[in-house]
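> Got a predicted model here, sequence first, then my questions.
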Amino acid sequence: MKSSQALKVEQVDVEFLEQKARWVRDEIVRVAVRNNAGHIAPSLSCVDILVALYYEVMDYKAGDPLWPDRDRLIISKAHGAYGVFPILVDLGIIPEKQWDGFYTPDSTLPGCIERRPEYGLEAGCGSLGHGLPMAVGAAFGAKLHGEPWHTYCLVGDGELQEGTTWEAMQFAVKHEISNMTVVVDHNRLQAMDFTDRIMDVHPDDLLRRLRGFGLEPLSCPGHDMGALVSVLKDLKHADSDRPGVLDAQTVKGYGLKCMENVPKFHFRIPTQPELDQGWR
Ligand SMILES: Cc1ncc(C[n+]2csc(CCOP(=O)(O)OP(=O)(O)O)c2C)c(N)n1
Ligand SMILES: [Mg+2]
């Protein structure tokens, strides 16, 4: 590790972030299992990324979710980021009752994230493949108007099979949109199988494709809080004429022993005996 990276990680309270991530995982399982909401595995996959972004990397005012200079996060994999709800509850933005009733008639929070700026939710992306074009548009607008904020886009590796994502990347490279970071939740699984058994031929196809479009993805273990924070900060402040890309190498269902890397859990709710296998 470069000494500058080591210094940055030292200044970060990694233990605090890891504790937050454990709490978010517990919340996801507690509420989603009780309320019969699937998409637990894709949500567990990106918890550490979301915790690193909200508690350490993004410029954000918890008391003012509409602060004009806030960094924007567009969650393109909107089916599987339940972790954003407890985080926004913890920050005092979403009322606890809304999260508690998530996915039931007692709440207005739907299974796929919808645009709700007053709740800190910037975009609705239930139809996959559209978050990145929106993020590129937002970042391009910020660049044209000289706005100081940074745009983040969290994408799934499976959804990157959609054509619109590549048109967006082409545009972002051509127009030197460097005020954004694309975070790939690279768990090597999509809906019901591994990505290289659906559209990819080789497990490294995604990285090759990104490089082919002129991007320089930085890979990092997707559940290593210190590494995530360090790379995300480096990308935010990089002297580059391209969008930054974080290739976060994650595990779908991370944490729950019954669920890790098991394709059938894409939307399936674990049974009590499966849950009893416990956490890693
Ligand atoms: C346009 C579109 N096609 C299909 C779906 C159904 N769908 C929901 S999640 C999913 C798999 C997504 O895989 P990936 O992007 O890798 O996310 P992960 O679940 O692995 O985090 C699919 C195909 C959808 N929501 N939108
Ligand atoms: Mg995936």
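On my side now, so go ahead. Ligands and ions are numbered 1, 2, ... in the order given.

> now the helices for this protein?
Taking DSSP state H, the helices of the chain run over residues 3-11, 14-34, 40-45, 47-52, 84-90, 96-100, 131-144, 163-174, 205-212, 225-236, 272-275.

> Ligand 1 is nearest to which of the ones you listed?
helix 40-45 (3.3 Å; CB to the nearest ligand atom). The C-beta positions use only the backbone N, C-alpha and C, and glycine is treated the same way.

> Report whether that closest one contacts ligand 2.
No. Using CB under 5 Å from the ion, helix 40-45 stays clear of ligand 2, coming no nearer than 6.8 Å.

> Kindly export that helix (C-alpha atoms) in CSV.
What follows is helix 40-45, C-alpha atoms only, in CSV (Å, rounded to 0.1, in the frame of the first residue of the first chain):
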residue,chain,number,x,y,z
ILE,A,40,-31.7,-9.8,0.9
ALA,A,41,-28.7,-11.3,-0.8
PRO,A,42,-28.1,-8.4,-3.3
SER,A,43,-28.6,-6.0,-0.4
LEU,A,44,-26.0,-7.7,1.9
SER,A,45,-23.6,-7.6,-1.1
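
> Determine how far it lies from the middle of the whole chain.
Taking CA atoms, centre = their mean, to the nearest Å, one finds helix 40-45 lying 10 Å from the centre of the chain it belongs to.

> what's in contact with it?
Residues outside helix 40-45 that contact it (CB atoms under 8 Å, 6 or more residues apart in numbering): 25, 28-29, 32-33, 77, 79-83, 156, 185, 187, 222, 250-256, 259, 262, 265-266, 269-270.

> Kindly recompute the last result at 6 Å.
28, 32, 80-83, 185, 187, 250, 252-255, 259, 265-266 (CB atoms under 6 Å, 6 or more residues apart in numbering).

> By proximity to ligand 1, which residue of this protein wins?
residue 156 (2.1 Å).

> contacting residues around that residue?
Neighbouring residues of residue 156 by CB under 6 Å, 6+ apart: 77, 185.

> Residue 245 is nearest to which of the helices of the chain?
Among those, the nearest to residue 245 by CB to CB is helix 205-212 (5.9 Å).

> Tell me what angle that closest one forms with helix 163-174.
Angle of helix 205-212 versus helix 163-174, following axes from the mean of the first three to the mean of the last three CA atoms, to 10 degrees, is 30 degrees.

> is any part of helix 205-212 close to ligand 1?
No. Judged by CB under 6 Å from any ligand atom, helix 205-212 and ligand 1 are separated, with a smallest distance of 10.0 Å.

> close to ligand 2, is that helix?
No. Residues of helix 205-212 contacting ligand 2 under CB under 5 Å from the ion: none, with a closest distance of 9.9 Å.

> From the chain's centroid, how far away is that helix?
The chain centroid and the centroid of helix 205-212 are separated by 19 Å under CA atoms, centre = their mean.

> Need the residues that contact that helix.
Here helix 205-212 makes contact (CB under 6 Å, 6+ apart) with 157, 217, 245.

> From what I see, the second one and residue 245 are in contact.
Yes. Taking CB atoms under 6 Å as the contact criterion, residue 217 and residue 245 are neighbours in contact, 4.1 Å apart.
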